[in-house]
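Undergrad: Provided below for reference: sequence and predicted model.
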Amino acid sequence: MIVVTERYTCFMIRVKFLLFASILVVMSTDMYAQRRAKVLEESEDTYKTFTSGGITTNTNSGILGGAVFRRSSALSSKLFGKNQYQYLALELVNVKHPKEISQQDFVTGARFVYGKRNYLFVLRPEYGREITLFNRHEDEGISISGIVAAGPSLGLEKPYMVQFQGSDGRVVTRALKIDPSSGSDPYDGAIGAGSFFQGFGQTKIVPGIHLKTAVSFELSAFRDNVTGVEVGFIAEAFTRQVQIMAYSENRSFYSSGYITLYFGSKKR
């Protein structure tokens, strides 16, 4: 009887010891998890403002499509548990017609775009939201954000200037005049394109609106600097057809994909 009692006592001591050890392990694991979460939260790359500028290209432009200024300001509220920012941007881009082809005059060697009537430059103020999808920790990794923004579009329809040489040998630069009913060649006497800086006084304003969605990848190696790439899609509609080309169909609605390379700084 005494032996059984001693064995039972030893068994209960072991059970109590294992139970106490298990409680300690659970408590220490929970404390470590809480501490780890706190460390990660403190090390997250969270800032109050991001200010940057950059260059952009899109499927409706050449290699250099325009310039962009963007600023993101942190909001106190979160969306689906993610940090969100007020997104403001200003873009100035060049939009080209798909039929624009530069040709060379065989006599003078000068180049001009046959059938081009106007340039189209678009000034786009934007307002929207930037949501942090994946945040970086300390100075490592890549921060990924989603962007949705919209705003007015201010289309600037600037005449495409062409140089013409008269019978007296004098060279005159003017906008291309096309009158299909006249039956005359509008390029008679054309010897090349005029200066880009000519014709701004004849610019017409074409208002519109646009919407864009994008994903931003921040690649900066230093915490207070911003270096990144924004990749997205823009849909844009104007109040009338923009007369870019003379012998091709012009549109009032444009859509394009774009890539922006930006640089800047951020503040806590």
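TA: Alright, I've got the coordinates.
Undergrad: centre-most residue in the protein?
TA: The geometric centre of the chain, computed from its C-alpha atoms, lies nearest to Glu230 (C-alpha atoms, centre = their mean), at 4.5 Å.
Undergrad: element containing that one, please.
TA: In this structure, Glu230 sits in strand 225-238 according to DSSP states H and E.
Undergrad: and that strand, what's buried?
TA: 226-228, 230, 232, 234, 236, 238 (16 or more other C-beta atoms under 10 Å). (C-beta placed from N, C-alpha, C; glycine too.)
Undergrad: and the residues you listed, which two are furthest apart?
TA: Put simply, by C-beta to C-beta the two of the buried residues of strand 225-238 set farthest apart are Thr227 and Phe238, 33.7 Å from each other.
Undergrad: rewinding a little: now do the strand holding Glu230: distance to the chain's middle.
TA: Remark: strand 225-238 is offset 1 Å from the chain centroid, using C-alpha atoms, centre = their mean, to the nearest Å.
Undergrad: for stretch 122-142, same thing?
TA: Going by C-alpha atoms, centre = their mean, the spacing between the C-alpha centre of stretch 122-142 and its chain's C-alpha centre is 10 Å.
Undergrad: now stretch 238-252
TA: In terms of C-alpha atoms, centre = their mean, the centre of stretch 238-252 is found 25 Å from the chain centre.
Undergrad: residue boundaries of the strands in the stretch 151-268 of the chain?
TA: 161-165, 171-175, 190-193, 204-218, 225-238, 253-267 (DSSP state E, counting those that start in this stretch).
Undergrad: and the last one, what does it pack against?
TA: Think strand 253-267. Judged by 3 or more C-beta pairs under 8 Å, 6 or more residues apart in numbering; DSSP states H and E, the packing partners of strand 253-267 are strand 49-58, strand 66-79, strand 225-238.
Undergrad: picking that back up, out of the buried residues of strand 225-238, which comes closest to Thr59?
TA: Using C-beta to C-beta, Ile234 is the member of the buried residues of strand 225-238 that sits closest to Thr59, with 9.6 Å.
Undergrad: how about the contacts made by the closest residue to the closest one other than its chain neighbours?
TA: Of all residues beyond its chain neighbours, the one nearest Ile234 is Lys212 (4.4 Å), with distances taken as C-beta to C-beta, 6 or more residues apart in numbering. Lys212 makes contact with 126, 128, 147-150, 232-235 under the criterion C-beta atoms under 8 Å, 6 or more residues apart in numbering.
Undergrad: bridged to Lys212, which residues?
TA: Applying DSSP bridges to Lys212 yields these beta-bridge partners: Ala149, Ile234.
Undergrad: so what sits opposite the nearest residue to Leu88 once chain neighbours are set aside in the bridge?
TA: Leaving out its chain neighbours, the residue that sits closest to Leu88 by C-beta to C-beta, 6+ apart is Arg71, at 4.9 Å. With DSSP bridges applied, Arg71 shows beta-bridge pairing to Thr51, Leu88.
Undergrad: tally of neighbours for Arg71?
TA: When neighbours are defined as other C-beta atoms under 10 Å, Arg71 has 16 of them.
Undergrad: give me the number of residues near Thr260?
TA: For Thr260, the number of neighbouring residues by other C-beta under 10 Å comes to 25.
Undergrad: wait, what's in contact with it?
TA: 54-56, 68, 229-232 are the contacts of Thr260 under C-beta under 8 Å, 6+ apart.
Undergrad: closest to Ile205 out of those?
TA: Comparing the contacts of Thr260 against Ile205 with C-beta to C-beta picks out Val68 as the nearest, at 20.9 Å.
Undergrad: my guess is the closest one contacts Tyr262. True?
TA: Yes: using C-beta atoms under 8 Å, Val68 and Tyr262 qualify as a contacting pair, with a distance of 6.7 Å.
Undergrad: redo the buried residues of strand 225-238 as CSV? Include distance to Gly201 and pLDDT.
TA: Conversion of those to CSV gives the following (distance: C-beta to C-beta, whole Å; pLDDT from 0 to 100):
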residue, distance to Gly201, pLDDT
Val226, 38, 83
Thr227, 39, 88
Gly228, 38, 90
Glu230, 34, 95
Gly232, 34, 95
Ile234, 29, 96
Glu236, 26, 97
Phe238, 22, 97
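Undergrad: nearest residue to Phe217 other than its sequence neighbours?
TA: Val229 (5.0 Å).
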